[in-house]
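Participant: okay, here's the prediction I keep looking at, along with the sequence it came from:
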Amino acid sequence: MRMAVMQEGTDLCGRVDKAAAVRRAAAGDREAFEELMDAYHRRIFAMVYSRITSRMDAEDITQEIFVRAFQGVRSLRDPELFKPWLYRIALNAINDFLRKKRLRSIFTLFTRERDDSEVPDPIRGGSDYLERKEFWTRLNEFFSRLSPSEREVFRLKFLDGLCIREIAEVMEKNESTIKTHLYRAVEKFRRESDLSGFLKEEKA
Amino acid sequence: MSEDRKPGCSIARVIRYVVDENDLDPEQRRHLRECPVCREELKQLDGGLRRLGHMAAEHTPEPVRRPVLPVEGRELPHRPVLLWRLAWGTGLGFALVMLIAVWTVFQSSISPVSYQDIAQEMAEDEMLLAEVLALEENPLPDAYREISPEETAGIDEEIFDFIVPVEGWNMDQESRTKEA
Ligand SMILES: [Zn+2]
């Protein structure tokens, strides 16, 4: 079954999603948190995967995100903020992982870093794997031409499906700053004729 | 994407609409709805971004493991690879510290070298060389020098001639007599 991350997120923007479950989880109800975890697990995994492109690392980081959220949910006062709060935890966990990875790469200059993204998916077969690898390589080439803020805002909006208000909460910046970054990122996306062509090709 | 726009058209407006449609006033929105050029721009840009979102979802694998929440008083199951990585990292860190320590000791043993030290070393070398040359000239120890030919060079030749007569002495004696 293929995922539909963007639609799920977009539909939820501006609405209180699972507010009752968040309240119960904040009151210490483990089952309520499990319910929230089931609702967000795939979305958070997809968010992590799009930034790491390694399935095994994405699984580890997703695990860590939900543990951190579970341990901190009691301190969440406003249930409406659960979603951006969870995405902020996710973003921090991803950044922690990338920092550690950079540090490790200093120590392992001459040894190969584990990269399971190079291992074909046995369930979905080799062609899917090659297609996936090609897609993320092309997309990351585009992302490399954006500033870190532009890149993050663009991903949160068009890959994770968050709205401006949620992105502002996640990144702890005001909405007009988010819009400025997003405007620049979209302008660059529009100028990327290579990427536009690639997207059309893929669709055909 | 079309670059051939009418005077009232603006790509900036199209992008602003894509970023947040609520940012445009009713007049600007009406233009986007009615202008075929801007509508086409919007369709292309918005379509491209939506396609990107769909494709990102399509190229994302399904998660295999459901996260496990910690139970109070019980540790979460660790993956052996994480422990291995931790051990590896600690080992590397220790090796690095040792390397720095050894390097520091090595550096302090060879440095700093001052000009004074170099000059002293050169003087010592010269003295050594002088000794070597002296030995080359006369390798015998002092005790033997007194009986060595070089040391006795100043002794009268007549004594030598008396102790060790040379061959053809008579001829030599003759020539001396002649000179006298
Ligand atoms: Zn127009």
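Facilitator: Okay, I see it.

Participant: and stretch A:144-156 with chain B, contact?
Facilitator: No: using Cβ under 8 Å from any Cβ of the partner chain, stretch A:144-156 stays clear of chain B, coming no nearer than 8.8 Å. C-beta: built from backbone N, CA, C; applies to glycine.

Participant: okay, now the domains of chain B?
Facilitator: Under automatic domain parsing, the residue ranges defining each domain of chain B are B:11-59, B:87-147.

Participant: and of the ones you listed, who's closest to A:Val48?
Facilitator: Taking Cβ to Cβ, domain B:11-59 is the member of those nearest to A:Val48, at 12.6 Å.

Participant: circling back to that earlier point, got a markdown table for the domains of chain B, with mean neighbour count, distance to the ion and mean pLDDT too?
Facilitator: Shown next, in a markdown table, are those (neighbours: other Cβ atoms under 10 Å in any protein chain shown; distance: least, Cβ to the ion, whole Å; pLDDT from 0 to 100):
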| stretch | mean neighbour count | distance to the ion | mean pLDDT |
| --- | --- | --- | --- |
| domain B:11-59 | 17 | 3 | 94 |
| domain B:87-147 | 10 | 58 | 74 |
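
Participant: what's the burial count for A:Arg102?
Facilitator: 9 (other Cβ atoms under 10 Å in any protein chain shown).

Participant: one more: the one 5 residues further on?
Facilitator: Residues lying near A:Phe107 (other Cβ under 10 Å) number 15.

Participant: kindly report the same for B:Thr60.
Facilitator: 25.

Participant: in space, what's closest to it - neighbours in sequence excluded?
Facilitator: A:Ala46 (4.7 Å; Cβ to Cβ, 6 or more residues apart in numbering or on different chains).

Participant: tell me, how many residues neighbour that neighbour?
Facilitator: 27.

Participant: and it, how far from A:Ile65?
Facilitator: The gap separating A:Ala46 from A:Ile65 is 12 Å, by Cβ to Cβ, to the nearest Å.

Participant: ok, A:Leu130 next?
Facilitator: From A:Leu130 to A:Ile65 the distance is 29 Å (Cβ to Cβ).

Participant: need the helices for the chain, in chain order.
Facilitator: Answering for chain A, as no chain was given. Applying DSSP state H to chain A gives helices spanning A:5-12, A:19-26, A:30-52, A:55-72, A:82-107, A:126-143, A:148-154, A:164-171, A:175-191, A:193-203.

Participant: oops, chain B please
Facilitator: Secondary structure of chain B by DSSP H: the helices cover B:11-19, B:26-34, B:36-58, B:80-110, B:115-137, B:142-145, B:157-163, B:169-179.

Participant: A:Leu130 and A:Ile65: who's more crowded?
Facilitator: For A:Leu130 and A:Ile65, the more surrounded residue by other Cβ under 10 Å is A:Ile65, and the numbers stand at 26 against 11.

Participant: let me see the contact set for A:Ser50.
Facilitator: When contacts are counted by Cβ atoms under 8 Å, 6 or more residues apart in numbering or on different chains, A:Ser50 touches A:Trp136, A:Arg155, A:Leu159, A:Asp160, B:Ala56, B:Thr60.

Participant: quick check, pLDDT for it.
Facilitator: A:Ser50 is assigned a pLDDT of 96 by the prediction.

Participant: same thing with A:Tyr183?
Facilitator: 97.

Participant: out of the helices of chain A, which comes closest to B:Glu121?
Facilitator: Nearest to B:Glu121, of all those, is helix A:82-107, at 40.6 Å by Cβ to Cβ.

Participant: and the closest one, how far out from the chain middle?
Facilitator: 11 Å (Cα atoms, centre = their mean, to the nearest Å).

Participant: farthest pair within the contacts of A:Ser50?
Facilitator: A:Trp136 and A:Asp160, at 15.2 Å, using Cβ to Cβ across those.
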